[in-house]
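Colleague: Quick check, what structure comes out for this input:
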Amino acid sequence: GDIDRDVFSRFKLFGNLRYRDRTDESFYGLGPDSKTENRHRYSVQDVLAEVVTGFQFTERVGFTAKAGALGHTLGPGRSDPSLSDLIPDLPFPLPEYETGPNYFRTQGSLLFDYRDDPGLPHKGFMAAFLWQRMDNVDDVKRFSFTQWGLDLRGYIPLGHRQRVFAIRGLFINSDPASGNRVPFFLMPSLGGGESLRAFPAFRFQGPKMMLLQAEYRWEASRRFELAFFGDTGTVARLGDRISLDELKSDAGVGFRLKSSRSTLFRLDLAYGNEGPMAQFRFSAAF
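Modeller: Purely as a prediction, here's the structure:
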């Protein structure tokens, strides 16, 4: 969801058309105990065409609804080893790799935004709830599922606007329809610059995901910020609940270059139990 504070209007209606070609994604396996040596590559292309509408109740509360078609095509990655070579030896089937499921997707989100500045928050909180239904429209319908998520963020000034303690909690749950399964590449994941920053993107995948993040942010000047952070989270195995005994964690330091409205560049140096990693992004962590 989104809230427009610069030009406040109650109602929105527009169309969205998107094509993505992700040529070299990584798959390590499912669950929190996947291994780095099991990484295999695949490619995925998707086309999305949808209608977006919504209503903004106040300058702080808004609802967004979306409905449209989403199609996928999967194939071997640009790098070796390819996921297609691994499939015959996997302990679980990946029929979605052969079919590339197509969907009619409906989605709704409710956003409460009480941050002082959504682009550069120094105090306040935000709460977002997302629900979506993925209806498989192929001849053989095996991949229909429902997904919902809750994203909570808080920002506490520590005696001065230049010093902020920021915290985030995120939970995503996927429920397949009876006799169906959630495609592996549409499962929640941890890793990358927005979640577990000491791990590569898609490092941990599973039908359920939990993430907690905290940062101490110090603005040395209007344009430069230093942050000390920690992340922890986990995913569930197929058919299981999330276990707090299988948390993955990291800690690190970040350097941010900012404009008067947003974060222009971010470098986060993180260390976890698989070693150090640098993450470069052109947006805030949260």
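Colleague: Secondary structure element holding the nearest residue to Pro207 once chain neighbours are set aside?
Modeller: Leaving out its chain neighbours, the residue that sits closest to Pro207 by CB to CB, 6 or more residues apart in numbering is Ser174, at 4.4 Å. Where C-beta positions appear, they are placed from N, C-alpha and C, glycine not excepted. Assigned by DSSP states H and E, Ser174 falls within strand 163-176.
Colleague: Residues in contact with that strand: which ones?
Modeller: 121-123, 143-158, 182, 186-188, 195, 207-219, 233, 286 (CB atoms under 8 Å, 6 or more residues apart in numbering).
Colleague: Quick check on those residues: which are buried?
Modeller: Buried residues within these, counting neighbours by 16 or more other CB atoms under 10 Å: 121-122, 143-147, 149, 151-155, 182, 186-188, 195, 207-215, 217, 219, 233, 286.
Colleague: in the sheet, who's paired with the residue nearest to Pro207?
Modeller: Beta bridges link Ser174 to Gln147, judged by DSSP bridges.
Colleague: residues near it, how many?
Modeller: 22 (other CB atoms under 10 Å).
Colleague: Next: Leu170.
Modeller: Counted by other CB under 10 Å, the residues lying close to Leu170 total 21.
Colleague: Likewise for Ala67?
Modeller: Counted by other CB under 10 Å, the residues lying close to Ala67 total 14.
Colleague: buried residues in the one helix or strand it maps to?
Modeller: Using DSSP H and E, Ala67 maps to strand 61-76. Residues of strand 61-76 classed as buried by neighbour count (16+ other CB under 10 Å): 61-62, 64, 66, 68, 70, 72, 74, 76.
Colleague: who's the nearest residue to Gly68 once chain neighbours are set aside bridged to?
Modeller: Take Gly68 and drop its neighbours on the chain: the residue closest to it by CB to CB, 6+ apart is Glu50, 2.5 Å away. With DSSP bridges applied, Glu50 shows beta-bridge pairing to Asn16, Gly68.
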